[in-house]
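Colleague: with the sequence up front, the predicted model follows.
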Amino acid sequence: RKEVEQDPGPFNVPEGATVAFNCTYSNSASQSFFWYRQDCRKEPKLLMSVYSSGNEDGRFTAQLNRASQYISLLIRDSKLSDSATYLCVVNSPGNQFYFGTGTSLTVIP
Amino acid sequence: DTAVSQTPKYLVTQMGNDKSIKCEQNLGHDTMYWYKQDSKKFLKIMFSYNNKELIINETVPNRFSPKSPDKAHLNLHINSLELGDSAVYFCASSQAPGGLYEQYFGPGTRLTVT
């Protein structure tokens, strides 16, 4: 079983839609969680950290469900500029951290 | 000012050659990383250095040799290049090791081996 698994998509949604991605992780001792965004032919950049209580940044909401071992990212009111690949990152004990394979999002006009 | 820079941005070379990629960060971070992103977009860590010491050394052919002359620089030398080495190589840095801190990525080096 992979350490981190994501649905690769692609997710094609119209502008203004709400879209959600999930990411599951295998190590129940994992300690920290992040969502990164990668645009085509660019480097990954941090979108947001994921806190235990959940956190929101504008149109983006991240949630952590430790019992089911998944993190989620919700994007409300999708914009064309949200089109990108979204990578989840999970940190496990022993300085190990793992990137998911990414979920591709295309927002359509 | 560029936070994490890599050179070259593109590298096209023939099988069997030896090449190096350089990385520098001006963020004052202690930890630097090399990642490989293959054609399927999977981002896999190769190496990590903390204050010039190797702390992560994933299963990577020993044709790949990282070198950190100081904590602001991490270079990657690849011997006897193979077709399967074609990928984008990203350098990254973070304040400290352990994956607890945001990682800042360089723009990537697109390596094509022919």
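Modeller: That came through, no problem.

Colleague: every contact and neighbour count from this point should use C-alpha atoms.
Modeller: Fine.

Colleague: out of the helices and strands in the chain, which is least certain?
Modeller: You didn't pick a chain, so chain A it is. Across the helices and strands of chain A, mean confidence by mean pLDDT, DSSP states H and E is lowest for strand A:96-99: a mean of 82.

Colleague: try again with chain B
Modeller: For chain B, counting by mean pLDDT, DSSP H and E, that's strand B:53-57 with a mean of 87.

Colleague: grab the nearest non-local neighbour of the residue nearest in space to the middle of chain B.
Modeller: When chain B is reduced to its mean C-alpha position, the closest residue under CA atoms, centre = their mean turns out to be B:W34, at 2.9 Å. Nearest in space to B:W34, with sequence neighbours left out and distances taken as CA to CA, 6 or more residues apart in numbering or on different chains, is B:C91 at 4.7 Å.

Colleague: can you report how many residues neighbour the nearest residue to B:K19 once chain neighbours are set aside?
Modeller: Counting by CA to CA, 6+ apart, B:K19 lies nearest to B:I78, which is 5.4 Å off, once chain neighbours are set aside. Neighbour count for B:I78, taken as other CA atoms under 10 Å in any protein chain shown: 19.

Colleague: for chain B, which residue gets nearest to chain A?
Modeller: At 3.8 Å from chain A, B:G98 is the closest residue in chain B, using CA to the nearest CA.

Colleague: surely the residue nearest to B:W34 is in contact with B:M32?
Modeller: Yes. With contact defined as CA atoms under 8 Å, B:C91 counts as touching B:M32 (7.2 Å).

Colleague: what residues are shared contacts of those two?
Modeller: Common neighbours of B:C91 and B:M32 are not found (criterion: CA atoms under 8 Å, 6 or more residues apart in numbering or on different chains).

Colleague: quick one on the thing from earlier: verify the stated contact: the residue nearest to the centre of chain B with B:M46.
Modeller: Yes. Taking CA under 8 Å as the definition, B:W34 is a contact partner of B:M46 at 5.5 Å.

Colleague: list the residues that contact A:S78.
Modeller: By CA under 8 Å, 6+ apart, the contact list for A:S78 reads A:13-19, A:107.

Colleague: mind pulling up the pLDDT for it?
Modeller: pLDDT recorded at A:S78 is 98.

Colleague: kind regards, and thank you for your time.
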